[in-house]
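Asker: next comes the sequence, and after it the predicted model I'd like to discuss.
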Amino acid sequence: MSTTTTAPAGWYPNPLDAATQRWWDGVSWTEHVSPELPTVQKTVEATAPEPTPVTETARATLPSFDTLPAAGASYVPQEESLVPAIPSVPWAQTGASRGGAAYPGTGYARIGSPGSPYQGTPASWSTTVQSPNTVWIWLLAFGPYISAVAIGVAQGVLLGIGMAAVGGGSPPAALGFLGLVIGMVPVWVFAGLDIRSLRQRGYQTASILFMLLVPPLVYFAARARKLKRDGVRSRGPEIAFLIVVAVYIGTAIIGAIIGGAMLAPLL
C-alpha cells in the first residue's frame with residue numbers, strides 16, 4: 001500500500017525556469033521566485049523564508065505545476081453595493097392617506113404611495129423632524145380662558161335676545177345652556193386643527209372624541225400618550241395648560257370668596 005506525501009513548505013527548483021527557485025507553501029506553488037544560488041537579496045517578501053536545500057525525496061513528491069494560476073490571470077474585486085440610508089420611520093401618517101388603499105381606515109400610507117410624504121428615492125427624503133407643538137395646541141392650552149370668554153359672549157347675546165323676545169321677562173333657561181354649547185366650539189375647532197396638523201407631520205393622533213371628557217384635559221392626556229409612542233414629547237403646551245388650569249381654578253375660588261363676603265351683609 002503506497003502513501004503519497006507532500007513536500008513541506010520551502011524553496012524548490014522552478015518548473016518553469018531552471019535558473020530560479022520557486023516557493024512551495026506546502027499546498028501549492030506561490031508567486032515568490034528566487035535565483036538558484038542567491039548571494040544577496042535586496043528585496044525579499046516579508047512572508048517568504050530563506051531558501052532551503054532541495055532533497056531527492058522532496059523532488060519526487062512535488063505536485064504538478066498545473067496548480068499555478070494561468071498566465072495573464074488577474075483579480076477583479078467585486079463592486080460594493082452602496083445603499084442609501086433609509087429613515088428610521090418607514091411609515092408616515094397623512095391626512096390624504098387616511099382611509100386610502102394602502103391601509104384602509106388606519107391613516108397610514110406606504111412609502112411612495114399617494115399621500116405619503118416619502119416620495120422618490122431615499123436620498124431625496126427629508127430627515128427634518130417637525131415639532132408636535134402646533135399653533136393649535138398652544139391655543140388649546142389657553143382654552144379655559146378662551147372658552148370662558150366665548151361662553152360669556154354667547155350667553156350674553158342669547159339671553160339678551162330672549163329677554164327682548166319676552167318683553168323684558170325672564171328668558172328661557174335653554175338659552176343659557178345653548179350659550180354654553182356655543183362657547184365650547186372654539187376649543188373643539190382648535191383640537192380638530194391640531195389633529196390635522198399632527199397627521200400632516202407624520203405623527204399618531206388622538207381621537208377628537210376625547211374632547212367630550214372634561215375638555216380639553218383628557219384630550220391633552222391622550223395626545224401625550226400617542227406622541228410618546230412616536231418618541232417625542234410636547235411639554236411646552238402641556239405645562240402651559242396645567243398652569244392656566246391652576247390659575248383659572250384659583251381665580252374662581254378667590255372670586256367666589258370675595259363675592260360671598262360682599263353678599264353676606266345683604267342676606
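Answerer: Yep, that arrived. Residues are numbered from 1 along each chain as shown.
Asker: could you list the low-pLDDT ranges of the stretch 1-150 of the chain?
Answerer: In the predicted model of the stretch 1-150 of the chain, residues 1-5, 36-129 satisfy pLDDT under 70.
Asker: could you redo the last one with a cut-off of 80?
Answerer: 1-7, 18, 36-129 (pLDDT under 80).
Asker: what's the neighbour count on the closest residue to Val185 other than its chain neighbours?
Answerer: Nearest residue to Val185, sequence neighbours excluded (C-beta to C-beta, 6 or more residues apart in numbering): Ala150, at 7.2 Å. Backbone N, C-alpha and C define where each C-beta goes, glycine included. Per other C-beta atoms under 10 Å, the neighbour tally for Ala150 reads 19.
Asker: surely Ala150 meets Ile182?
Answerer: Yes: checked against C-beta atoms under 8 Å, the pair Ala150 and Ile182 is within contact range at 7.3 Å.
Asker: hmm, back to that, next up, the contacts around the residue nearest to Val185.
Answerer: By C-beta atoms under 8 Å, 6 or more residues apart in numbering, the contact list for Ala150 reads 182-186.
Asker: what of Arg201?
Answerer: Arg201 sits next to 130, 132 when contact means C-beta under 8 Å, 6+ apart.
Asker: and it, backbone torsions?
Answerer: Arg201 adopts backbone torsions of phi -90, psi 0, taken as degrees, to the nearest 10.
Asker: can you check Pro216 too?
Answerer: The phi/psi pair for Pro216 (degrees, to the nearest 10) is phi -100, psi 30.
Asker: just checking, what's the longest helix in this structure?
Answerer: helix 235-263 (DSSP state H).
Asker: check which residues of it are buried.
Answerer: Residues of helix 235-263 classed as buried: 237-238, 241, 244-245, 248 (neighbour count, 16 or more other C-beta atoms under 10 Å).
Asker: would you list those in TSV and tack on pLDDT?
Answerer: Below are those laid out as TSV (pLDDT from 0 to 100):
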residue	pLDDT
Pro237	93
Glu238	93
Phe241	92
Val244	92
Val245	90
Tyr248	88
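Asker: show the average pLDDT along stretch 197-204.
Answerer: Across stretch 197-204, pLDDT averages out at 90.
Asker: quick revisit: which of the contacts of Ala150 are buried?
Answerer: Buried members of the contacts of Ala150, counted by 16+ other C-beta under 10 Å: 182-184, 186.
Asker: nearest to Ala264, of those residues?
Answerer: Closest approach between the buried ones among the contacts of Ala150 and Ala264, by C-beta to C-beta: Gly183, at 30.4 Å.
Asker: hmm, Leu158 and the closest one touching each other?
Answerer: No: contact criterion C-beta under 8 Å: Gly183 and Leu158 do not qualify, at 10.2 Å.
Asker: from Pro216, how far out is Ala252?
Answerer: Distance, Ala252 to Pro216, by C-beta to C-beta, to the nearest Å: 17 Å.
Asker: looking at the nearest residue to Val153 once chain neighbours are set aside now. What's its pLDDT?
Answerer: Nearest residue to Val153, sequence neighbours excluded (C-beta to C-beta, 6+ apart): Gly183, at 7.4 Å. Per-residue pLDDT puts Gly183 at 83.
Asker: quick one, what contacts Gly183?
Answerer: Contacts here follow C-beta under 8 Å, 6+ apart; on that basis Gly183 touches 147-148, 150-155.
Asker: how about the secondary structure of Arg199?
Answerer: At Arg199, secondary structure determined by DSSP: H, G, I helix; E, B strand; the rest coil is helix.
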